[in-house]
Every structure is written in C-alpha cells, then in structure tokens.
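Chemist: Sequence and predicted structure are below.
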Amino acid sequence: MRTKLIKSLSLTLTALFAFTAKSISASTADPLLFPRDQFTIETKVVRTANGEKKVKYRSYKHIPYVAKPVDKDYQSLNISVPVKIDDKDLDATHAPILFEIGVGGYMSVNNAQNSSRPNGGMGTPPAGMPAMGMPPMGNRPPQGMNFGNSRADIALAAGYVVVSPGCRGRDNKAADGSYYGKAPAAIVDLKAAVRYIRHNKGILPGNTDQIVSVGCSAGGAISALLGASGNSPLYDSYLKEIGAADDRDDIFGCACFSPITDLEHADGAYEWMYGDSPTRSGLVNQDQSNQLKAIYADYQKSLNLQGKYGYGILTVNNYQNYLLLYYLIPSANKYLSGLNVDRRNEYLAKNKWITWENNNASFSFTDYVTHVGRMKGLPAFDDFNMQAAEPIEFGDKTTNARHFTDFSLQQSTGDKTTTVASDVKKLVNLMNAFYFIGLKNNGCTNNWWLRNGASDNHTSQTVMINLATSLENQNKKVNTWLFWDGGHCADDDPDGFVDWIGEITGYAKK
Ligand code: DHB
C-alpha cells in the first residue's frame, strides 16, 4: 500500500515536473537555436585540382542569426554540410567551417535571394565605382577569377562545412528613406553570425572552434577585420542591439583576397604608387598628389614595420625595393618559369620591360607600375564628390555619404584646420583591421592567407603587404602571395587555399 502511494506520488511529481519543464522551455525557447532538421538535400559537381567530385550535401537556407534583426533578408545565413563525396559517406561533425563573406563594394549581401553568388544584391556598381570583377587584367586572361564560389565549392568537396552569411551594407535604405547598413553594420552582422555558429556548438555540424573566414576586396577587408578584432568589446553595444548570441566571435583563420582596407590611409598609399601615372584623362593634380604622398610617408614611418630578414623599417623610400625583392620578382619568376619556352618567349617579347636571365626576372618598379596603370582618380577613396564606395560606407542614418579623412574634408570645405568628427573617426577604426592589430587585440587570429593580383590597381600594393608585415611582426602565421598579372580578386590557386585550411586545422581532406 505504502509503496503504491509513493509510486503514484512519484509519478504525479514526474508528470508535474515534465509539464513545468515543457512550459519553461516553451517560454524560454532559444531563438538562436540552429534548426538542424530543416534542410534539403542537394548535389553538385565540383571541379577540383584532383578531378571532378560529386558532392551531396545538406542545404540549410535563410536562417536568421540574430534575435532582433533589423532586416532578416540580410541578417540570415545559408549552410552547406557535405554528407557524401562521390560514393563515400561522410561525417562533417568535426570539419572546419569556411565562413564565406560575399561583400563587394561595401554593399549589402542579400541572403533571401537564391543567388549562386552569395552577394546577389550587388547589382550595378554605383557611380564612381568600377564594375566589380572587371579590372584590367594585364597581358593574360583572368585565371581562376571566382569571387568565392569555386573556393567554397572546393572546400565543400574537401568535406568542410560552408557558411554563407548575408549582412547589411551601405546601400540598405528603409521605406522612410533612412539608411540602416552604414558602418559598422557589416562587421557587426558578421560577428553576430560567428557568434551564432559558436552558440550552436554540438548542434550545428562542423568544428565551431575552427571557423575560417574568406572574402575578396571589401569582403577581404572585412575578413581581415573579423580576423583581427575577435572578441573586441568595442562592438558589444551594436551586437546587443540586434540580439546577437552572447558568445565569442574570434575566428581560427582568416583569408583576405585583394583587401581594400586601411581606408583612411589608402589615398596617400595610392598616390605613392600611382601619383606619377596618368589616368585615362591625364595626370591627377600633382600638388594634391604630393600632399597625400607626404601624409602617407609619415604614416608609413609611424607603423614602424620591420621588413623580412633584417630588411629594416619599411619606409616610402625603401618600399619599392622591398616589394620587388620579396613579392613581385618571386611572383614573376613563378609565372614565367611555369610557361613553356615558346609561351615565355612570346610573353617576354610583349613585355620588353622584363629581363629574363638565368631563370630570373628583373625589372624596375616604375616599369611595373606603368605596366599595371592607374585606375582611380584623386583621392582614390575619399573622393571629393563622395561618389566612391568608401564615403558612402561612412554615411549615417540620414546622410548617404561623409568624408572620413582630414585631407578630403579640408579640401572640400576649404577649411584647412577642420578635422573629421570623433564619431566618424570611431567608425573608421571599427572598420579597420590595422586598428585592432595596432591594439594587439587578444582575439586576433593566428592564421592568415593573404592574396592579391600583382596587376590589381584598386589600391596600393603596400596595403596588403603592410597587413602581412604587421602580422609577421606579431609572430602570426602569414601566408602571402601575389598572382602575377592577376587583377582584382584574382585567385589562381583555390585548391591551395583549401589545402591550407587543412594544414592549419589538422583536418584531413576527404
Ligand atoms: C571594392 C573595390 C574598390 O575599388 C573599392 O574602393 C572598394 C571595394 C570591391 O570590389 O569590393
């Protein structure tokens, strides 16, 4: 009798407990829980260096990654999880996660559009911006030009998980005419997406401690920023506002193709490289070009960057030689030695500025710059008419574009004493990887893959090499290369990139 009573009491208690637990869980349901069962199965054939691979994968589409989205068309992500490669089943539970940033031109990335290129929203470039992906390509057709898709597919075919987040950008405008994607919205959203992945550790397939970001151009700059600014409290209030998961946002590795970064110093760096080269409409204003060169000279010195192998501090005076010695000549050598004799002779006949002797190229920096040619006007980024991507990125809710450098602000206003307001300066810092490298931010990732086309004239070559050098000076593992004659976002080696992820994570390719 007594046992019966205890049994029935315990049953009642269990039922009561179950009921209470259920109602608690219903009222506290995690809005950021990954819906692991809501996928479709898709297949694609991927061309890799090791031949074609048929990949079957789970496709998760349009998953909001913040609890209080401003616009969930943008603040959502897609995930691809490989389950079978050719005839072999595969478990991606512990695979690295490629975090594919589709930003171009500091524009938004719409995750609601089912576009094959992640940044489906990029559309026609605004006035003053070159058509993305259509840079001058030097003397050969673009090789492996791909803005991410083939890289991501090769990663998927290697057995990695691929996350493609949308994010807000400088073009986002609400019905009431207000802007809601100006700086620092893109980086805040991408950090929120990283936190979402981390928040779902053990639920979302893949190793949430091995997130590797990749992006090109503005996306390369934001990838660098994500890599350098991990866990910085400076974004906390922005992240809280959109209901981001309360988790870490540092990443394991960072890949940057043609990063358009260090924006507030990029105008001077551009003049250092292209100030003496004519645009299609002739030389830029030489007085202004010289002023920008002088500003850049001081800045370059202030970075106090140590060149490789005891080269000394990099300055505007020794940088040409440094680029030739460690980046441009090795790049040309690799390209030329990879050609057969006939093709090489043909190339050299068209490029008499290059001397080829004992399997070694030599040329002057001036001839190289002439070969590449100047693309942008002056100033290249913070342009006086504020038509370029960058002043528009630094607009605010009610202002489409704002100057973000003292030089352009002074030239535009005619007031030589005025300086950029402190709130704009703060935004400029929040968008610049160098700011966080300078702070020696603890959450800065250790692993870096930096790539640019040697003929990319969207920014000075010093920008990415300063990034490489500042990271090398902090003993980070940095893998840097210029693709000879490659243009903006060139990627001649997407398989090498995917292999690199395998190396840094220790995860064997499938
Ligand atoms: C991009 C290109 C640019 O020249 C620039 O100033 C900013 C962004 C891009 O391709 O993303």
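Modeler: Here it is on my side, so go on. Numbering: from 1, shown residues only.

Chemist: near the ligand, which residues of the chain?
Modeler: Within the chain, the residues that sit near the ligand (Cβ under 6 Å from any ligand atom) are Gly104, Gly105, Tyr106, Met132, Ser217, Ala218, Ile260, Phe381, Ala389, His458. C-betas here are computed from N, CA, C, even on glycine.

Chemist: Recalculate using a threshold of 8 Å.
Modeler: Neighbours of the ligand within the chain, by Cβ under 8 Å from any ligand atom: 103-107, 129-130, 132-133, 216-221, 258, 260, 375-376, 380-381, 388-390, 458-459, 488-489.

Chemist: Closest residue of the stretch 401-510 of the chain to the ligand?
Modeler: Closest to the ligand within the stretch 401-510 of the chain is His458: 3.7 Å, counting by Cβ to the nearest ligand atom.

Chemist: quick one: that residue and Ser217 touch, right?
Modeler: Yes: using Cβ atoms under 8 Å, His458 is in contact with Ser217, at 6.8 Å.

Chemist: And these two? Which one has more around it.
Modeler: Each of His458 and Ser217 has its neighbours counted (other Cβ atoms under 10 Å); Ser217 has more, 28 against 24.

Chemist: ok, that one - contacts?
Modeler: Contacts for Ser217 (Cβ atoms under 8 Å, 6 or more residues apart in numbering) come out as Gly104, Gly105, Met132, Phe257, Ser258, Pro259, Ile260, His458, His488, Cys489.

Chemist: burial count for Asn110?
Modeler: By other Cβ under 10 Å, 25 other residues sit near Asn110.

Chemist: try Gly443
Modeler: Per other Cβ under 10 Å, the neighbour tally for Gly443 reads 15.

Chemist: how would you label it: helix, strand or coil?
Modeler: coil (DSSP: H, G, I helix; E, B strand; the rest coil).

Chemist: Contacts only, for Ala361.
Modeler: By Cβ under 8 Å, 6+ apart, the contact set of Ala361 is Ile329, Ala332, Asn333, Leu336, Ile354, Thr355.

Chemist: for the fourth one, helix, strand, or coil?
Modeler: Spelled out, it's Leu336. Reduced to three states with three-state DSSP, the structure at Leu336 is helix.

Chemist: Go ahead and confirm it touches Arg344.
Modeler: Yes: Leu336 is in contact with Arg344 according to Cβ under 8 Å; the separation is 5.6 Å.

Chemist: Find residues that contact each of the two.
Modeler: Taking Cβ under 8 Å, 6+ apart as the contact rule, Leu336 and Arg344 both touch Trp356.

Chemist: Can you classify Asn317 by secondary structure?
Modeler: Put simply, Asn317 is coil when judged by three-state DSSP.

Chemist: 38 is where my numbering starts, stick with that
Modeler: Yes, from this point I'll number from 38; that puts the last item at Asn354.

Chemist: So Leu373 and Arg381 - more neighbours on which side?
Modeler: Each of Leu373 and Arg381 has its neighbours counted (other Cβ under 10 Å); Leu373 has more, 19 against 15.

Chemist: I'd like the distance between the more buried one and Asn388.
Modeler: Distance, Leu373 to Asn388, using Cβ to Cβ, to the nearest Å: 10 Å.

Chemist: same deal with Leu464?
Modeler: As for Leu464, its distance to Asn388 is 43 Å (criterion: Cβ to Cβ).

Chemist: do Asn469 as well
Modeler: According to Cβ to Cβ, Asn469 stands 36 Å off from Asn388.

Chemist: So these two - more neighbours on which side?
Modeler: Higher neighbour count among Asn469 and Asn388: Asn469, with 21 against 18, using other Cβ under 10 Å.

Chemist: The more buried one reaches Leu300, doesn't it?
Modeler: Yes: the criterion here is Cβ under 8 Å, and Asn469 meets it with Leu300 at 6.6 Å.

Chemist: Adjacent strands (with direction) for the helix or strand harbouring Cys293?
Modeler: In this structure, Cys293 sits in strand 290-294 according to DSSP states H and E. Take DSSP bridges as the rule and strand 290-294 pairs in its sheet with strand 248-253 (parallel), strand 484-490 (parallel).

Chemist: Just give the closest residue to the residue of the stretch 438-547 of the chain closest to the ligand, not the sequence neighbours.
Modeler: Once flanking residues are discounted, His495 sits nearest to His525: 5.0 Å by Cβ to Cβ, 6 or more residues apart in numbering.

Chemist: OK, contacts around Leu127?
Modeler: Contacts for Leu127 were tallied using Cβ under 8 Å, 6+ apart; they are Pro119, Val120, Lys121, Gly196, Lys547.

Chemist: typo on my end, Val140
Modeler: Residues near Val140 by Cβ under 8 Å, 6+ apart: Val146, Asn156, Cys204, Gly206, Ala223, Gly252, Ala255, Gly256, Ile259.

Chemist: still on that earlier bit, tell me which of the contacts of Leu127 is nearest to the ligand?
Modeler: Proximity to the ligand was ranked across those by Cβ to the nearest ligand atom; first place goes to Pro119, at 28.6 Å.

Chemist: That closest one: what secondary structure?
Modeler: State at Pro119, reduced to three classes by three-state DSSP: strand.

Chemist: Which residues are in contact with it?
Modeler: Contact partners of Pro119, counting by Cβ under 8 Å, 6+ apart, are Val92, Lys93, Tyr94, Leu127, Ala129, Ala132, Leu193, Ala194, Gly196, Tyr197, Val198, Lys547.

Chemist: Just the ones of the residues you listed in strands?
Modeler: Of those, the ones assigned to strands by DSSP state E are Val92, Lys93, Tyr94, Val198.

Chemist: of all these, which two lie farthest apart?
Modeler: Largest separation among those by Cβ to Cβ: Lys93 and Val198, giving 14.0 Å.

Chemist: Among these two, which residue is more densely surrounded?
Modeler: Set Lys93 next to Val198 and count neighbours by other Cβ under 10 Å: Val198 wins out with 28 against 15.

Chemist: Would you pull up the residue in this structure closest to the ligand?
Modeler: Ser254 (3.0 Å).

Chemist: The nearest residue to Ala369 once chain neighbours are set aside in helix, strand or coil?
Modeler: What sits nearest to Ala369 in space, not counting adjacent residues and going by Cβ to Cβ, 6+ apart, is Ala398, at 4.0 Å. At Ala398 the chain is in strand, as set by three-state DSSP.

Chemist: Who does Ala398 form a beta bridge with?
Modeler: Note on Ala398: beta-bridge partners by DSSP bridges are Trp393.
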